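Participant: I would like the atomic coordinates for the input below:
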Amino acid sequence: MSGTRPGAGAFDAGASDAADRALDDALALANESRRTTADATGPGGQDRNDPLSVALRHGRDDTAPTPEGPAPRPPVQGPAPAQAPAQPHQPQPQPQPPLPSPADAVPWPEARRIARRVGRRLGSETRELGEDLLGMTLARALTALTDLPSFDSSAMDGWAVAGPGPWRLRGASVLAGQQRPAEPLLVGHAAPIATGAAVPTGTTAVLRSEHGWTQRRTDGEWLQVRSPHPAPAPGQEVRTRGQECRGGEELLPAGTVVTPAVLGLAAAAGYDELTVTVRPRVEVLVLGDELLDHGLPRSGRVRDALGPMLPSSLRALGAEVVAVRRLVDDADILRRAVRESAADLVVTTGGTAGGPVDHLHPVLAALGAKLLVDGVAVRPGHPMVLAELPSGTHLIGLPGNPLAAVSGVLTLAAPLLRTLAGRPVPAPYAAPLTADVPGHPVDTRLVPVVFDDDSAARPLTYSGPAMLRGLAAADGMAVIPPGGARAGDDTAVLDTGALALAWGSGT
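Facilitator: Reported below is the predicted structural model:
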């Protein structure tokens, strides 16, 4: 393994801006007034399944009446949507009056944009081809080292034939991987051949085994086409050299996430190693005297849910988690841990608000850190923090409540890690809601949803900031605009499947 780590990759702001704008436009549908349409297409032929079209349509103001439109709609109010029928009936908590967002809270789309742009792609390294590459991104384009296939080969078990039939069988069977070239075929001759074997010189087609039959005569063994199958056309069942690509052709661009299929393609193309962007190193600091690491919650203390959950979520986003440390609520201990960290990103949990043992803000001030995001207009998770440390690395402070912390991962950690790891901006997708979802007056809401058989998003009940029951059953987090959303409204959905251990996309 070789390469350089320091923030070596030049950050191509111009190249990322277009992708940033596309993502922001698509997600903007969750922060604009909504206009319900019953047709599959909207004004100007906009496709309601296209996130960008949805964003443009929802960018219109429906709070003022139009000559042909309905009267203005009030914000969605009322209790949270009912549970799934499969869940046992439980008393539903009554919604509490929402607290106003701090005046300096950053709008949710802007917070994601800031997180995407503050980092620089890390350096590259060359690694041996293998599973360790999964989830990393190509630092260089994957270019074909040779033609694929590199020789003409049979696509089926059967017979290599030359010219029109019937054909006289000559020579031994042609097998895949045999070192000695097969004898050339003369017109009117055929030879048994296995799938993947190089076709003999003179071959015009391959007759698959179930389409032919042989007959022994006094002058030798002959091959004929079995009725009612037609004679093979020239080139039939032959994989010609260069059919998939020619040597020097770009197979995949730089920035492609390495998946099992990418490993397979690289191996087929002759690669023994790949040059990839270094994984961002992340250190997780779990704060809180109230946290237990085993046993039942008791005596005013709760189990630590984030320590077990966050590392795998961060790895799925392309990070290398170098340490997970539990710290007591002590400002000096926290300051020393942040100052001495060699990670590209420090992620803390808890301590982001203004309570008596919330030490993150004083520690960042003492270290001379620069606050880039200090509160986001999103529920749950509004007291999240993004700061640049004096070393040039970054710190993300997540709220201590579990679902609020996941909101922070989706809002700040995922975009920043994507930039550091050189990952592309994923295409967002939209889905119609199956039920009304109440909203916060001024903040975006992230609500766990599950997809039904029609790919509509059904909101799940247990979506409080301290709850994980809804998230554990969810397919994604729906982005709900201020004021709420109604059944049938399309909304952006963030893929929480990417937070599971996987090699796939980010969020």
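Participant: distance-wise, check residue 118 relative to residue 395.
Facilitator: Going from residue 118 to residue 395 by Cβ to Cβ, to the nearest Å gives 11 Å. The way it works is simple: take the backbone N, C-alpha and C, and place the C-beta from them, glycine included.
Participant: again, but for residue 297
Facilitator: For residue 297, the distance to residue 395 - Cβ to Cβ - is 29 Å.
Participant: convert stretch 144-151 to PDB, retaining C-alpha atoms only.
Facilitator: Only the C-alpha atoms of stretch 144-151 are listed here, as PDB (Å, rounded to 0.1, in the frame of the first residue of the first chain):
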ATOM      1  CA  ALA A 144      -9.200  -0.700 -19.800                       C
ATOM      2  CA  LEU A 145      -5.700  -2.200 -19.900                       C
ATOM      3  CA  THR A 146      -6.600  -4.400 -22.900                       C
ATOM      4  CA  ASP A 147      -9.600  -5.300 -25.100                       C
ATOM      5  CA  LEU A 148     -12.400  -7.100 -23.200                       C
ATOM      6  CA  PRO A 149     -12.800  -9.900 -24.100                       C
ATOM      7  CA  SER A 150      -9.200 -10.100 -25.200                       C
ATOM      8  CA  PHE A 151      -9.900 -12.900 -27.700                       C
END
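Participant: and that stretch, what's buried?
Facilitator: Buried positions in stretch 144-151, judged by neighbour count with 16 or more other Cβ atoms under 10 Å: 144, 147-150.
Participant: neighbour count winner among residue 297 and residue 395?
Facilitator: residue 395 (25 against 11; other Cβ atoms under 10 Å).
Participant: can you verify my assumption that the more buried one contacts residue 351?
Facilitator: No: judged on Cβ atoms under 8 Å, residue 395 makes no contact with residue 351 at a distance of 11.6 Å.
Participant: tell me, how many residues neighbour residue 470?
Facilitator: Neighbour tally, residue 470, other Cβ under 10 Å: 21.
Participant: so it sits in a helix?
Facilitator: Yes: under DSSP: H, G, I helix; E, B strand; the rest coil, residue 470 sits within a helix.
Participant: need the contact list for it.
Facilitator: Neighbouring residues of residue 470 by Cβ atoms under 8 Å, 6 or more residues apart in numbering: 403, 448, 460-463.
Participant: repeat that with 10 Å
Facilitator: By Cβ atoms under 10 Å, 6 or more residues apart in numbering, the residues touching residue 470 are 80, 83, 403, 447-450, 459-464, 477.
Participant: residue 140 now?
Facilitator: Contacts of residue 140 (Cβ under 10 Å, 6+ apart): 124, 126, 252-255, 274-277.
Participant: if we use 7 Å, what do you get?
Facilitator: Taking Cβ atoms under 7 Å, 6 or more residues apart in numbering, we find residue 140 in contact with 254, 275.
Participant: please apply the same query to the one 3 residues further on.
Facilitator: Applying Cβ under 7 Å, 6+ apart, one finds that residue 143 lies in contact with 248-251.
Participant: swap in residue 338?
Facilitator: With Cβ under 7 Å, 6+ apart, residue 338 has these contacts: 346, 363, 367, 395.
Participant: how near is it to residue 394?
Facilitator: Taking Cβ to Cβ as the measure, residue 338 falls 11 Å from residue 394.
Participant: also residue 190?
Facilitator: According to Cβ to Cβ, residue 190 and residue 394 sit 67 Å apart.
Participant: neighbour-wise, which of the two wins?
Facilitator: residue 190 (29 against 25).
Participant: make sure the more buried one is indeed in a strand.
Facilitator: Yes: looking at residue 190 with three-state DSSP, it is inside a strand.
Participant: hey, what's the residue nearest to it when sequence neighbours are not counted bridged with?
Facilitator: Closest residue in space to residue 190, ignoring its immediate chain neighbours: residue 167 at 3.6 Å, by Cβ to Cβ, 6 or more residues apart in numbering. Note on residue 167: beta-bridge partners by DSSP bridges are residue 223.
Participant: just give me the neighbour total for residue 167.
Facilitator: Neighbour tally, residue 167, other Cβ under 10 Å: 26.
Participant: hang on, it packs against residue 191?
Facilitator: No: applying Cβ atoms under 7 Å, one finds residue 167 not in contact with residue 191, separated by 9.0 Å.
Participant: hmm, back to that, closest to residue 163 among the contacts of residue 143?
Facilitator: Residue 163 has its nearest neighbour among those in residue 249, at 33.1 Å by Cβ to Cβ.
Participant: quick check: phi and psi at the residue nearest to that closest one when sequence neighbours are not counted.
Facilitator: Excluding the flanking residues, the one nearest residue 249 by Cβ to Cβ, 6+ apart is residue 144, at 4.7 Å. Torsion angles at residue 144 (phi, psi; degrees, to the nearest 10) stand at phi -60, psi 130.
Participant: on that earlier part again, got a list of what the residue nearest to residue 190 touches?
Facilitator: Residue 167 neighbours (Cβ under 7 Å, 6+ apart): 161, 188-190, 222-223.
Participant: can you give me the helices for the stretch 201-350 of the chain?
Facilitator: Secondary structure of the stretch 201-350 of the chain (DSSP state H, counting those that start in this stretch): helices at 260-268, 306-316, 331-340.
Participant: what's the helix or strand for the residue nearest to residue 471 when sequence neighbours are not counted?
Facilitator: Distances taken as Cβ to Cβ, 6+ apart place residue 448 nearest to residue 471, at 5.0 Å, with adjacent residues excluded. Residue 448 belongs to strand 444-451 when assigned by DSSP states H and E.
Participant: that older thread, nearest to residue 265 among the contacts of residue 167?
Facilitator: Among the contacts of residue 167, and counting by Cβ to Cβ, the member closest to residue 265 is residue 161, at 31.8 Å.
Participant: surely that closest one meets residue 207?
Facilitator: Yes: the criterion here is Cβ under 7 Å, and residue 161 meets it with residue 207 at 5.5 Å.
Participant: between those two, which has more neighbouring residues?
Facilitator: residue 161 (31 against 25).
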